[in-house]
Structures are given as C-alpha cells and as structure tokens.
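Asks: structure, please.
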Amino acid sequence: MGGPIKKDKLFFFAGYQGTTTRTAPPTQFAFVPTAQMIAGDFTTYASALCQGKNITLPASLGFNNNKIDPALLSPAAVATATKYLPKTNDPCGKTFFGIPTNQNEIQGVTRFDYQLSDKQTLFGRYIATTYHQPIPYTLAPNVLVTTTGGRDNLAQTYTIGDTYLISATTVNSFRAAFNRTAIQRAAVDDFGPPDVGINAFSYTPHYMQISMAVGGASGGQAGGFNVGNGTESNSNFRGNTYEIGDSLSLVRGSHAFVFGGEGAMWNSASYANVRSPGTYNFDNHLTGLILADFMMGALGGVGLDEAEPNTLFTRQWYMGLYAQDTWKISTHLTLNYGLRWEPWFPVIVTNGAIMQFNLNRFLAGTKSTVFPTAPAGVIYGGDPGYTDAGINKRWGKTAPRVGIAWDPKGDGKMTIRASYGMFFDYPNGQSYINMTISPPFGDETRTQAGGARSLDNPWNGFPGGNPFPIIPNSKNAVFVPFGPFLSVDPNLNNPSVNSWNLTIQKQISTAWVISGSYIGSQTEHLLLTNALNSSQYTAACPVGLNPIPATCTQTVNQRRLLDLLRPSDGQ
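Replies: Predicted coordinates:
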C-alpha cells in the first residue's frame, strides 16, 4: 500500500509477502547394521538375498562362515549402531526415512519520497528478506536426516537517493546503499566422537559425520548410510556492502552525455565447521562389504578428514568511473558509445590466511622466515617476495561499450541494432575459504586407510600422532605430512566478459513483422583451481603394492611431483 503523508511533498509505500512451504518428505532409504550384525553374524547380509550373490568374509580377519566373535568388532561402531542409528527389521538392514521441508520466507519493503523543492527530490528505501527452516531432526528425530540442517537467514538493504535538476538539460543523481546478509546454518546436537568412545578430538563434540556409499559397489548390493554433513553443520556468515555512486546527465544538442562513478567496499566474515567435526569415511576395502567394514571399524578412502573451523575474514574495494554519449547522428541513426574504468583491487584476507608458492624457491630449498617449519617454496605475509594482499593490483582495467540503432531507409519499417560491451566480474566473498584450513592456519589432515588406524583410534600410527587441537599461526607450527595446501597466484586476473549482439527487424505488412537476432559472449580469466602438485605415473601397480611408489591409489601422495623432486619438503 502507498499514498501521501503530506500532499505534494511526502509519500510512502510499503509491501509485504509471506511464503510458507510444507513438503511431505520424499521417501529415502539407507542400510544400517541389524541386530544380527551387531552380534557378529553377517550370514544374511553377505548372502545373495542382500548382495545378489553369496560373499564369504575373510577368515584372516576372524570370520568363520561369515560369523565373527563380537569382541573383534569395533566398540565405537557397536555403540553407534545400538545407541544412535535407527532400528530395522529388514534382514539386509534397509531402513526408510524422510527429510521434511518446513520453510518460512518473509519479504518486506518500505519507501519514502520527499519533494524538497521544484528541483530536488529525495528518497529512502529499506528491503528485508528472511528465510527460516527448522532443523529437520527436530521434526523427524532420526540421525539419518542430519545430512540436512536448519537455516535462519536475514538479508537487508538500505538505500538513499538524491536527484537534483541543475537545469532543463542537466541532472545530477546521487545514491548511497548499505547491504547486509546474515546466514546461519544450524545442526542438532545428536552425538559426537567422544559419545561413542572414539579416541579423537572434535571441535564439535556432539556432532558426528560418517560418510559411506549408500548404494552398493554394483547392481543390487546393500550399501550403507550417512550421518551429518559438513556444509550443514553449525556455521554463520556475515557480509556487508557499502556503496556510493553519482551520475551527471547532460543534453547538449544531438548528444546526451552521462558521466559518473561508483565506489564500494564489501567485507565477509565466515565461521564454518565444514571439516572441523572430522569426517569418518568408510568403503568396503577390508571385507568387501560396507557395513562389515563399518562394524570392524575399518576406515576407508581418506580415513579421517579433519581441520580447524573455517574462519575467513575478507575485504575488497571497488571503484568504477564511466563516460557515455548517446549521439543522435540523424533521424534514422543513433550511436551509443562509452568507456568504463574499473581497476582491479584484489580480495584482502584480513586474518592473513593466504599463501603463495614459488617453484624456484622450492627447488632452491628457500624457507619462510615467518613460519620456519613450513616446507620450502611457501611464502607468507611478511616474507621477502610476498605480494601485498597476495595478489597484484591492476590499474589499467578499461571496458569499452558501443551500440548503434539504424533505420536504413528512414521509413520506420526496418531497424538494425548492434552492440558490443566488455564487463568485469569479481570473486565472491568466500572464494578463499579453504585457505583457512591449509597449514599452518587450520592444518587440514587426511589420514589414509589401513594400518593400525581405525574408527576407535583413528590417529594410531599417524606420524606425530593426533595433531588436533592445533595452535594456528604458531611460529613453530607443525606441518602434517601431505597436508592440502592452497596457494594463490599473485598474477591472478579478474574475469572479463566480451558480449555482442545483432538484431534485424523488418515490417512486412501492417500485421506482420519478422525479426532475427544473434547473441554471443566470450569469457576470459575464469577463476578456477589448478593442481600444482599432481601425482605422477611411475610404474604399473604390482600385486602386494611393492615397490612403492607404484602407480596405485594407495601411493597417490608418494607420487606427487614435489615429493619426487624434494622428498624432505615435498611431503
């Protein structure tokens, strides 16, 4: 609704929309350990009924006719299955569940317009949107629905504007805006590693993440289950944008000029727990059956993947200046042309969680002075040769635009329109979020399957033992073997898009018009990640995995390029 508050002076407008969404949860299924499995009896689960063919579990692990002494099962797996996983009467462990959707959205807008004088008008506008979704577990208490979390989001924008009529042919327009987003992801406290006896530190002691293939390795095999999800754990994100802009419009004869500029600064603060709970991964590498591997506590794949919470604080400045002319050359030809200057100011990581890598320094064995325990070739803020903010500024970024509208005969029955423009894009506020879990900021660590490591004691046999909790940014930081580093290229360039089009329209008769259009675009400098330390092919993988480093999945790290060049630093 809207109307005048003061006649011919002050006006208001307000709008509201509320949307509720209630979705009956679609049926999903997973496979969980049955009471028979928990007792050490896998005869049914390994039979053709569940697997499509009869499978014999390894006697070398203690199985006898697919039965095993329950004392040989993982206590943590047994505790998880008996205390927290849903019960099922299905002989193969199949269980059904649904993740309910219960969303509430609100959108509101208010605006005020004030006629200050015959030459000047002011306006102010506020817009807010909310999105709320309860934690599905609170609606359907089953740990299998913890793969989806709740949401409590709020986005707001404040805008003020001033338009001043300098003369009949000159108008100035000023705008200022502030935008804020507050994103909250919520997860339920169900159970965590300490609750089932796992000997590991967790930054979220009552939130568990178990990852395994839900479907089987082939055909109709009974698979496994998933609990928790890193991107659905407790996290919150805050983003602010401050912007001002001004444009001056002038009509001079057959020309309509526009000159203007914009300045902005945006910042982002992220507090996330994507990997800080630790993800316990399982496959079927030990026994051939996923749930049998789980009950034996046999971590698979990368075993355990854990890191500090993602805490990223970034800021970026923006400036754009432009000039444009709409030139009416004749009654049937108009030319529009302009130029925009947008220098590239790179993202600044204000908490310093950013690094560079230089291959020549690595080969020369040059170490960081900021973090002496870091491998050679890695450069941090404060080191000689480090680029300010990690990325070089680029001042010479200009974007031309041109367009024409032409009536060839001047009879109003045919038009030809064509245009070209260049535009720049910018990374989102979380582009570097995984840098905060690179050593020494967050020390993401991925153990490997096998050896003495198990669900109950995942760090057993790991070089140096359990690295968590870590002391981030310590001068004597521990750099774990084969940690995932993320380096930024100091010569990074922001993306640019070249866009062009051509449209021809022709009136055939009073009731018939034909039109044909061509549209094209080409993008450069896409922001992508590149593997600087990929694994190399060495030799075919022989039986027994010897000699290392044969080309097997188990030797991926030992075959990485930097490890082969300089093993002492490469690992």
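
Asks: what about Met1, how many residues nearby?
Replies: Neighbour count for Met1, taken as other Cβ atoms under 10 Å: 7. Backbone N, C-alpha and C define where each C-beta goes, glycine included.

Asks: what of Ser568?
Replies: Ser568 sits with 9 neighbouring residues when counted by other Cβ under 10 Å.

Asks: next, it: secondary structure please.
Replies: Here Ser568 takes the helix state, with states given by DSSP: H, G, I helix; E, B strand; the rest coil.

Asks: against Gln448, how distant is it?
Replies: Per Cβ to Cβ, to the nearest Å, Ser568 is found 20 Å from Gln448.

Asks: so where's the stretch 251-400 of the chain uncertain?
Replies: Within the stretch 251-400 of the chain, not a single segment meets pLDDT under 70.

Asks: and if we set it to 80?
Replies: Counting by pLDDT under 80, the ranges of the stretch 251-400 of the chain that qualify are 301-302, 387-389.

Asks: how about the helices in it?
Replies: Secondary structure of the stretch 251-400 of the chain, counting by DSSP state H, counting those that start in this stretch: helices at 290-295, 359-364.

Asks: residues of stretch 363-373 that come out buried?
Replies: Thr366, Lys367, Ser368, Val370, Phe371 (16 or more other Cβ atoms under 10 Å).

Asks: wait, I meant stretch 154-161
Replies: Ala155, Thr157, Thr159, Ile160, Gly161.

Asks: and the pLDDT at Gly450?
Replies: pLDDT, the model's per-residue confidence, is 63 for Gly450.

Asks: ugh, typo on my part, it should be Thr82
Replies: At Thr82, the pLDDT value in this model is 97.

Asks: how many other residues sit next to it?
Replies: 13.

Asks: just list what the helix or strand where it lies packs against, helices and strands only.
Replies: If you go by DSSP states H and E, Thr82 is part of helix 75-83. If you count contacts as 3 or more Cβ pairs under 8 Å, 6 or more residues apart in numbering; DSSP states H and E, helix 75-83 packs onto helix 35-38, helix 290-295.

Asks: need the contact list for His525.
Replies: Counting by Cβ atoms under 8 Å, 6 or more residues apart in numbering, His525 touches Asn493, Asn494, Pro495, Ser496.

Asks: in PyMOL, select just the buried ones from those.
Replies: Typed into PyMOL, the line below selects the buried ones among the contacts of His525, using 16+ other Cβ under 10 Å:
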select buried, resi 493+494+496
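
Asks: in which helix or strand does Thr88 reside?
Replies: Thr88 belongs to no helix or strand, assigned by DSSP H and E.

Asks: ok, for it, nearest residue in space, not its chain neighbours?
Replies: Thr95 (4.2 Å; Cβ to Cβ, 6 or more residues apart in numbering).

Asks: partner strands of the host helix or strand of that neighbour, parallel or antiparallel?
Replies: Element membership of Thr95 [criterion: DSSP H and E] is strand 94-97. Taking DSSP bridges as the criterion, strand 94-97 sits next to strand 28-31 (antiparallel) in its sheet.

Asks: could you spell out the sheet neighbours of the least confident helix or strand in the chain by mean pLDDT, each with its direction?
Replies: The helix or strand of the chain with the poorest confidence is strand 445-446; it has a mean of 84 (mean pLDDT, DSSP states H and E). Strand 445-446 pairs in its sheet with strand 304-306 (antiparallel), by DSSP bridges.

Asks: starting at the chain centroid, how far to the partner strand?
Replies: 18 Å (Cα atoms, centre = their mean, to the nearest Å).

Asks: what does stretch 123-137 give?
Replies: Relative to its parent chain, stretch 123-137 has a centroid offset of 21 Å by Cα atoms, centre = their mean.

Asks: next, the buried residues of that stretch.
Replies: So stretch 123-137, judged by 16+ other Cβ under 10 Å, has buried residues Phe123, Arg125, Ile127, Thr129, Thr130, Tyr131, Gln133, Pro134, Ile135, Pro136, Tyr137.

Asks: what helices and strands are in contact with the helix or strand encompassing the fourth one?
Replies: Element membership of Thr129, judged by DSSP H and E, is strand 120-133. Judged by 3+ Cβ pairs under 8 Å, 6+ apart, strand 120-133 is in contact with strand 101-115, strand 150-167.

Asks: contacting residues around that strand?
Replies: Identification of contacts with strand 120-133 by Cβ under 8 Å, 6+ apart yields 101-116, 150-165.

Asks: can you check stretch 474-489 too?
Replies: 354-357, 370-375, 378, 390-391, 432, 434-435, 437-440, 443-446, 463-464, 467, 470-471, 529, 532-533, 557, 560, 571.

Asks: from those, which land in strands?
Replies: Of the contacts of stretch 474-489, the ones assigned to strands by DSSP state E are Met355, Gln356, Phe357, Val378, Thr445, Arg446.

Asks: put together CSV for those, with neighbour count and distance to Ile329 on each row.
Replies: Shown next, in CSV, are those (neighbours: other Cβ atoms under 10 Å; distance: Cβ to Cβ, whole Å):
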residue, neighbour count, distance to Ile329
Met355, 26, 55
Gln356, 20, 51
Phe357, 19, 54
Val378, 25, 59
Thr445, 27, 67
Arg446, 20, 65
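
Asks: what is the nearest of those residues to Val145?
Replies: Proximity of these to Val145 (Cβ to Cβ) peaks at Arg446, which lies at 26.9 Å.

Asks: so the closest one makes contact with Gly301?
Replies: No. With contacts counted by Cβ atoms under 8 Å, Arg446 stays clear of Gly301, the gap being 9.1 Å.
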